[in-house]
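Chemist: Quick one: sequence and predicted model below, then my questions.
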Amino acid sequence: MRVVLSLGGSVLAPELDGERVASHAAAVERLVRDGCDVGVVVGGGGVAREYIETGREMGANEVALDRLGIDVTRVNARLLRAGFGEVADPTLAADYETAEAALGRGETVVMGGVTPGQTTDAVAAVLAESVGADLLVYGTGADGVYDADPAADPDATKSDRLSPSELVDRIAPMSRDAGASAPVDLFAAKLIERAGMRTVVLDGTDPDAVADAVLTGEHTGTDVVPEGGAEPSYWAH
Ligand code: UTP
C-alpha cells in the first residue's frame, strides 16, 4: 500500500520537542515495516506564521512571505527526518519529481512546501495523485471535518464519511470566513475531488492512531470516499 501522510506543523512541532518528533518518525517507520511506501509532507505551523507575520510587517510581498513559509516547512521536514532510525532513512525531497523517483526506488520520502501560493495540504494532494497513492491522510489539529467551526459553534457536527464533492462544499464556506480555519484547505479539497482520491482527515496528535488508521482504516476522523472507490485492498488483510 502506498500512502501520503500530511502532518501539520502544529501537530509535529507546536513547540520543539524531540520526543514528539521522534514518535511521529517511529509511527512512519512502523508503516514502512508493515510494507507501506510512505511519503510524508510536513507543514510549518505557528513558527511559519510568525515568520510570515514578521515579514509582512516589514512590507514583504506575498510571494516572499510564502517562500519564508516554505523554508520553515522544509526545516520541519529535516527535523522529522532526523527522528528516523535504521528502518527507513528517508529521502528529503524539494519537488514532486524527486519524491516520485525516490518512492519508485522503494525509499521513504519526507518533504515540505514546493511552490508559493498554496499550503502543504495541496502539496500532499498533488504528491498523492502523482505517485498513485492508495490513501491520502491528513493528520491535523482538528479531529475530522465538521459542518461548522466546532470552536465557535457548540452544535457543529462531525461527518464520519463524505464524498469528495461534499468535502469541497463543506470547506468552501469555511475558507471564505476570515480567520476561520478549515481542517484541509479548499485547493487541496478540489485536488482530492478532481483525482477521486481516497482520503482520511483525522487528529494527527497521536502518531500511533495515525498509523492505525493507515493500516486498518479504523479511526475517529472523517473518511472521504470517492464514488465507486474501492477500499484500499490492504485493509482486507
Ligand atoms: P503550511 O502548509 O504549514 O500552512 O505552510 P498552514 O495552513 O499554516 O498549515 P498548518 O498550520 O501547519 O496546518 C505554511 C506556509 O508556507 C507557505 C504558505 O504561505 C503557507 O501558509 N507555503 C507552503 C507555500 O507557499 N507553498 C507550499 O507549497 C507550502
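Modeler: That came through, no problem.
Chemist: Is any residue of stretch 39-59 near the ligand?
Modeler: Yes. Interface with the ligand: stretch 39-59 contributes 43-45, 48, 52 (CB under 6 Å from any ligand atom). (Glycine included, C-beta is placed from N, CA and C.)
Chemist: Cross-reference those residues with the helices and report the matches.
Modeler: Counted as lying in helices by DSSP state H, out of those, are 45, 48, 52.
Chemist: pull the longest helix from this structure.
Modeler: Longest helix of the chain, by residue count under DSSP H: helix 62-82.
Chemist: For it, which outside residues touch it?
Modeler: 7, 9, 12-13, 21, 24-25, 40, 42-45, 47-48, 51-52, 55-56, 60, 90, 92, 94, 110-117, 120 (CB atoms under 8 Å, 6 or more residues apart in numbering).
Chemist: Specify the local secondary structure of residue 136.
Modeler: What DSSP: H, G, I helix; E, B strand; the rest coil gives for residue 136 is strand.
Chemist: so it bridges to which residues?
Modeler: residue 4, residue 199 (DSSP bridges).
Chemist: list the contacts for it?
Modeler: Listed by CB under 8 Å, 6+ apart, the contact set of residue 136 reads 3-4, 6, 124-125, 128, 192, 197-200.
Chemist: before we move on, back to that, pick the one among the residues of stretch 39-59 next to the ligand closest to residue 36.
Modeler: Closest approach to residue 36 among the residues of stretch 39-59 next to the ligand (CB to CB): residue 43, at 20.8 Å.
Chemist: ok, the closest one touching residue 5?
Modeler: No. Taking contacts as CB atoms under 8 Å, residue 43 lies outside contact range of residue 5: 11.5 Å.
Chemist: Spell out which parts of the chain neighbour the ligand.
Modeler: Counting by CB under 6 Å from any ligand atom, the chain sits next to the ligand at 8-10, 43-45, 48, 52, 65-66, 69-70, 73, 113-120, 123.
Chemist: Would you mind putting the CA coordinates of the helix or strand hosting residue 194 into PDB?
Modeler: Using DSSP states H and E, residue 194 sits within helix 186-195. Output in PDB follows, covering the C-alpha atoms of helix 186-195 (Å, rounded to 0.1, in the frame of the first residue of the first chain):
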ATOM      1  CA  LEU A 186     -10.000  24.400  -0.400                       C
ATOM      2  CA  PHE A 187      -7.400  24.000  -3.100                       C
ATOM      3  CA  ALA A 188      -6.400  20.600  -1.600                       C
ATOM      4  CA  ALA A 189     -10.100  19.600  -1.400                       C
ATOM      5  CA  LYS A 190     -10.500  20.400  -5.100                       C
ATOM      6  CA  LEU A 191      -7.500  18.400  -6.000                       C
ATOM      7  CA  ILE A 192      -8.900  15.500  -4.000                       C
ATOM      8  CA  GLU A 193     -12.200  15.900  -5.900                       C
ATOM      9  CA  ARG A 194     -10.500  16.100  -9.300                       C
ATOM     10  CA  ALA A 195      -8.400  13.000  -8.600                       C
END
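Chemist: for the record, mean pLDDT for it?
Modeler: Helix 186-195 shows a mean pLDDT of 97 in the predicted model.
Chemist: Tally up the residues packed near residue 39, please.
Modeler: Counted with other CB atoms under 10 Å, the neighbours of residue 39 add up to 31.
Chemist: same check, this time on residue 142
Modeler: Burial measure for residue 142: 22 neighbouring residues, criterion other CB under 10 Å.
Chemist: SS state for it?
Modeler: coil.
Chemist: Quick check, it in contact with residue 201.
Modeler: Yes. In this structure, residue 142 is within contact of residue 201 by CB under 8 Å, at 7.4 Å.
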